[in-house]
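Peer 1: Pasting a predicted model and its sequence here:
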Number of protein chains: 2
Amino acid sequence: MPSIAVPSSPVSTTWSPVPTDGPILLEELQLAARNHGMPLEALRYDITPTGLHYLLVHFDIPVVDPNAWRLQIAGNVEKPIELSLERLRSLPGITLPVTLECAGNGRARLQPRPISQPWLDEAVGTAHWGGAPLSALLEFAGIRPDTVELVFTGADHGIEKHDYARSLPLSEAMRPEVLIAYEMNGRPLEPQHGFPARLIVPGWYGMTQVKWLTRIDAVTQPFAGYQQAIAYRYKTGAEDPGQPVQRMRPRALMMPPGFPDFLTRHRIVEKGVSAVEGRAWSGTASIAQVEFGVDGNWQDAILDQPVGKYAWRRWSVTWRAKPGEHVLSCRAIDADGVSQPLDQPWNWQGMGNNQVQTVAVTVR
Amino acid sequence: MPSIAVPSSPVSTTWSPVPTDGPILLEELQLAARNHGMPLEALRYDITPTGLHYLLVHFDIPVVDPNAWRLQIAGNVEKPIELSLERLRSLPGITLPVTLECAGNGRARLQPRPISQPWLDEAVGTAHWGGAPLSALLEFAGIRPDTVELVFTGADHGIEKHDYARSLPLSEAMRPEVLIAYEMNGRPLEPQHGFPARLIVPGWYGMTQVKWLTRIDAVTQPFAGYQQAIAYRYKTGAEDPGQPVQRMRPRALMMPPGFPDFLTRHRIVEKGVSAVEGRAWSGTASIAQVEFGVDGNWQDAILDQPVGKYAWRRWSVTWRAKPGEHVLSCRAIDADGVSQPLDQPWNWQGMGNNQVQTVAVTVR
């Protein structure tokens, strides 16, 4: 056989790599080649064009026959129900603009670097999601009073712990803006975004938004599945059970100004007045302020109205760019006064990293 | 300022990195996070869903106002013309399924590894492209007889050599299936795929398919722009002017069977009869044969009809999977008898690498 670079590790059911200051691994590159971030110039759009929305697929995109597909709602309910896609689409529906971000966004900027999907800054996107409110389906099934959580299972399947599954507390699941979505930007979901139907929980990180949904089970004990109890946790080390990853922390990103070099993505900006813009969002409170920094000197940005209650908000500044090398930054502050950290936050799995973005530019 | 990992190299106008056996660079990861390959399970679709089609953007996705946009056809012509989008769309049009592949596909598997967009196997996709035949526009403009090439310029702009531009010999440009495309899969082009219009040259690698087209110039001398004379060349070393990269070499890819581990992408396959399938294509001659290999033992695959004259062809085999570790491969052979190499082909910039794909699996 030819000599081809293949991953050095065989099967990682027991491989839990330790964060490293070492080089980027082929395993990380493989994930980066499959999954994709939103190129940051797409921050210009209120609604991200479909193919530019960030995408993380844990295993493989599954094949789902829309005619055979059924959504089961079962477990601790009075009346288990089974919905066809046709029936789901016939229910009263709503459409909301929602910003989604991967909980691992920023992971590859951490030092030492947790080994997983190696996002830099770009694991975000905003879409119009259309579907039926989950609360109506749950009321129809009759959730019993001792229910504590709903468990959502997708059709995607991996070695680790079989089908992808995540839970939500009942109070979150009953929020009127939580959807079983079957449309993205006015069209049926693309296969990679969960066709035929997925969960949308505005404000929560992406792992919550279970795609290729097949089952919803009401349970009387907190769910302890792999993606709930092990994978998506804020941990200080391998042995720490950690705290659950839930809502998106406040974050601002900028469209890198000027134009890039192909290979390094380093930017050239012409001297003089330059308009800089970006977007800010938070799952915990509304965005109250965005600051723009040049070499560590901060100024307030102008905020537009949010695209929606659960979607990002455009910000902009006028920058008088002086010749030389500069480092630009931006940071969001929410209505509770919580701002993005300047110093590196760190956790074992690289979750919820909302450290400020920096962009190096040459002004000429 | 916080300590954040930023690329070590400033501006690479003069940085021409040497291929390396060393670790993957942050510059490569940055490109992998922006651009995206087609997850290999999407080989199941005749036509790749829009957001899964491979995407390479050299610089930034430009903003183009479709109302202000004009396509200029000028240079060595009798009658320079300027087309609005409305006018372009009113001309007689055709729609063709076309498979496109990046010339750098497979680059990151080479040893030593050329430093650029670090594709593994997945820089491919097939779409229905709709537009006006270029030949009709050229006839309307009246190409003068001493014209040797057409130069196509896009609106995307980078440090290296200003706007992206590539040329085609006149004989290639006049082929009836060469399109100025304004539709992808029945919808207007997404911004990242060249909105409002792009060139489509069936059979050629992706760098030819100039996006965000603004100008077409007839010229009487071969074009010597950066993307033509330097970037897309088969070179033996830094000083070699090299040979031009043009048509896609034959290639087969398989959908990795079974299901994956999240981190390593290593596959588990259940023992017994397993269906394995994939796609094969070539820009030089039609696909005549695909072979499927298990640990170096090859068998012929069954070929379906091609999706179109310029699109890939599905292949499939039945494999009796025996427990243990196996390496699966596939290779395409075209109607001229040209087959994919088993040994590593290598060139300085990692172009046109069609070495056979290998997939390691554990059968249990």
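Peer 2: Okay, I see it. Residues are numbered from 1 along each chain as shown, chains lettered A, B, ... in the order given.
Peer 1: Which residue, other than its chain neighbours, is closest to the closest residue to chain B within the stretch 251-364 of chain A?
Peer 2: Per C-beta to the nearest C-beta, residue A:261 is where the stretch 251-364 of chain A lies closest to chain B, at 4.4 Å. Using the backbone N, CA and C atoms, a C-beta is placed for each residue, glycine as well. Spatial nearest neighbour of residue A:261, excluding adjacent residues (C-beta to C-beta, 6 or more residues apart in numbering or on different chains): residue B:159 at 4.4 Å.
Peer 1: pretty sure the one you found is in contact with residue A:268, am I right?
Peer 2: Yes: assessed by C-beta atoms under 8 Å, residue B:159 is found in contact with residue A:268 at 5.5 Å.
Peer 1: These two: which is more packed in?
Peer 2: Shown here are residue B:159 and residue A:268; by other C-beta atoms under 10 Å in any protein chain shown, residue B:159 has more neighbours (20 against 17).
Peer 1: Could you measure from that one over to residue B:226?
Peer 2: For residue B:159, the distance to residue B:226 equals 11 Å [C-beta to C-beta, to the nearest Å].
Peer 1: Please report how far the residue of the stretch 251-364 of chain A closest to chain B lies from residue B:346.
Peer 2: Per C-beta to C-beta, residue A:261 is found 25 Å from residue B:346.
Peer 1: how near is the residue of chain A found nearest chain B to residue A:222?
Peer 2: Closest residue of chain A to chain B, C-beta to the nearest C-beta: residue A:23 (2.8 Å). Distance of residue A:23 to residue A:222, computed by C-beta to C-beta: 39 Å.
Peer 1: repeat for residue A:53
Peer 2: Between residue A:53 and residue A:222 the computed distance is 31 Å (C-beta to C-beta).
Peer 1: same question, residue A:145
Peer 2: Counting by C-beta to C-beta, the gap from residue A:145 to residue A:222 is 17 Å.
Peer 1: These two - which one has more neighbours?
Peer 2: residue A:222 (13 against 7).
Peer 1: mind exporting stretch A:238-255 as PDB, just the C-alpha atoms?
Peer 2: The C-alpha coordinates for stretch A:238-255 follow below in PDB (Å, rounded to 0.1, in the frame of the first residue of the first chain):
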ATOM      1  CA  ALA A 238      -9.900  15.000  33.300                       C
ATOM      2  CA  GLU A 239     -11.300  13.800  36.700                       C
ATOM      3  CA  ASP A 240     -13.500  16.800  37.300                       C
ATOM      4  CA  PRO A 241     -17.200  16.100  36.700                       C
ATOM      5  CA  GLY A 242     -17.600  19.800  35.900                       C
ATOM      6  CA  GLN A 243     -20.500  22.100  35.400                       C
ATOM      7  CA  PRO A 244     -22.900  21.900  32.400                       C
ATOM      8  CA  VAL A 245     -22.400  24.000  29.300                       C
ATOM      9  CA  GLN A 246     -25.700  25.800  28.600                       C
ATOM     10  CA  ARG A 247     -26.300  29.400  27.400                       C
ATOM     11  CA  MET A 248     -24.000  31.300  25.000                       C
ATOM     12  CA  ARG A 249     -21.700  33.700  26.800                       C
ATOM     13  CA  PRO A 250     -21.600  37.300  25.500                       C
ATOM     14  CA  ARG A 251     -19.300  37.700  22.400                       C
ATOM     15  CA  ALA A 252     -18.600  40.300  19.800                       C
ATOM     16  CA  LEU A 253     -16.800  39.600  16.500                       C
ATOM     17  CA  MET A 254     -15.600  42.000  13.900                       C
ATOM     18  CA  MET A 255     -15.300  41.700  10.100                       C
END
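Peer 1: Kind regards, and thank you for your time.
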